[in-house]
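Participant: Dropping a prediction and its sequence here:
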Amino acid sequence: MTEHKLSDLPYEFNALEPYVDEQTMRLHHGKHHAAYVNNLNNALKDHPDLQNKSLEDLLKDINSVPESIRTVVRNNGGGHANHSLFWTIMKPNGGGEPKGDLVDAIKKKFGDFESFKKKFSEIAMGRFGSGWAWLVMHNGELEVYNTANQDSPLMEGKTPILGLDVWEHAYYLKYQNRRTEYVENWWNVVNWEQVQKNFTNAGKR
Ligand code: MN3
């Protein structure tokens, strides 16, 4: 059977300090993300037909997953996909503004880059409880919105290009209840080169 795998982080656990702390990164990747991968593999173990599907296809066709395991696949498959993207759209010495055609598309959609950041941050703050804020491509257009729990934009036919985890496990050790401060600081670690790549790939679909 083909198993889903947890990839290593593309940088050290302490690389995003001081904005995202080392202990949070260790637990977030090694415990939380690892658990999503294990739970997903367990759910699929008696479903060889589903094991051969890519994670992306599994989530896009979430409604064709048998009801007995659909919620588990939704939560854990979503969790696996969301975190796999999340690690790559961050990097040490990130932040600033994107270059290339992504920044043009952002300006066209949101007016200017600061307005986009404000809107995205509001969306992140507006998710009550656990979930994610997203910049996605949908029908050839950029869109910002949020999802609950581990729901992935892929489940709604949208292609995520930037995502922010606003579950408390993503920030509580360092920021406690101060989600606003976490969101503000997180902009300093965004890997815009990767987001630009995601945007380019989304346009080719
Ligand atoms: Mn998380």
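Facilitator: Thanks, I have it.

Participant: ok, longest helix in this structure?
Facilitator: The longest helix of the chain (DSSP state H) is helix 67-88.

Participant: which is the next helix or strand following that helix?
Facilitator: The element immediately downstream of helix 67-88 (helix or strand, assigned by DSSP states H and E) is helix 101-110.

Participant: what helices or strands is that following helix leaning on?
Facilitator: helix 113-126, strand 141-148, helix 192-203 (3 or more Cβ pairs under 8 Å, 6 or more residues apart in numbering; DSSP states H and E). From N, CA and C alone the C-beta is placed, and that goes for glycine too.

Participant: Could you export the ones you listed as TSV, including distance to the ion, mean pLDDT and mean neighbour count?
Facilitator: As requested, these are exported to TSV (distance: least, Cβ to the ion, whole Å; pLDDT from 0 to 100; neighbours: other Cβ atoms under 10 Å):
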stretch	distance to the ion	mean pLDDT	mean neighbour count
helix 113-126	13	98	16
strand 141-148	13	98	16
helix 192-203	18	96	18
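
Participant: What are the phi and psi values at the residue in the chain that the ion sits nearest to?
Facilitator: Using Cβ to the ion, the closest approach of the chain to the ion is made by Asp165 at 4.2 Å. With angles defined as degrees, to the nearest 10, Asp165 sits at phi -80, psi 120.

Participant: so what does the longest helix of the chain touch, helix or strand wise?
Facilitator: helix 34-44, helix 55-60, strand 159-165.

Participant: could you dump the second one to CSV, C-alpha only?
Facilitator: Extracted C-alpha coordinates of helix 55-60, given in CSV (Å, rounded to 0.1, in the frame of the first residue of the first chain):
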residue,chain,number,x,y,z
LEU,A,55,-3.9,13.5,-1.3
GLU,A,56,-5.1,16.3,-3.5
ASP,A,57,-7.5,14.0,-5.5
LEU,A,58,-8.7,12.4,-2.2
LEU,A,59,-9.7,15.8,-0.9
LYS,A,60,-11.2,17.1,-4.2
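
Participant: Contacts for that helix, please.
Facilitator: 4, 50, 65, 73, 77-78, 80-81, 84, 152, 154-155, 157 (Cβ atoms under 8 Å, 6 or more residues apart in numbering).

Participant: from the chain's centre, how far out does it sit?
Facilitator: 14 Å (Cα atoms, centre = their mean, to the nearest Å).

Participant: quick revisit: make JSON lines from the helices and strands packed on helix 101-110 and add distance to Tyr11 to it.
Facilitator: Listed next are the helices and strands packed on helix 101-110 as JSON lines, based on distance: least, Cβ to Cβ, whole Å:
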{"stretch": "helix 113-126", "distance to Tyr11": "22"}
{"stretch": "strand 141-148", "distance to Tyr11": "26"}
{"stretch": "helix 192-203", "distance to Tyr11": "12"}
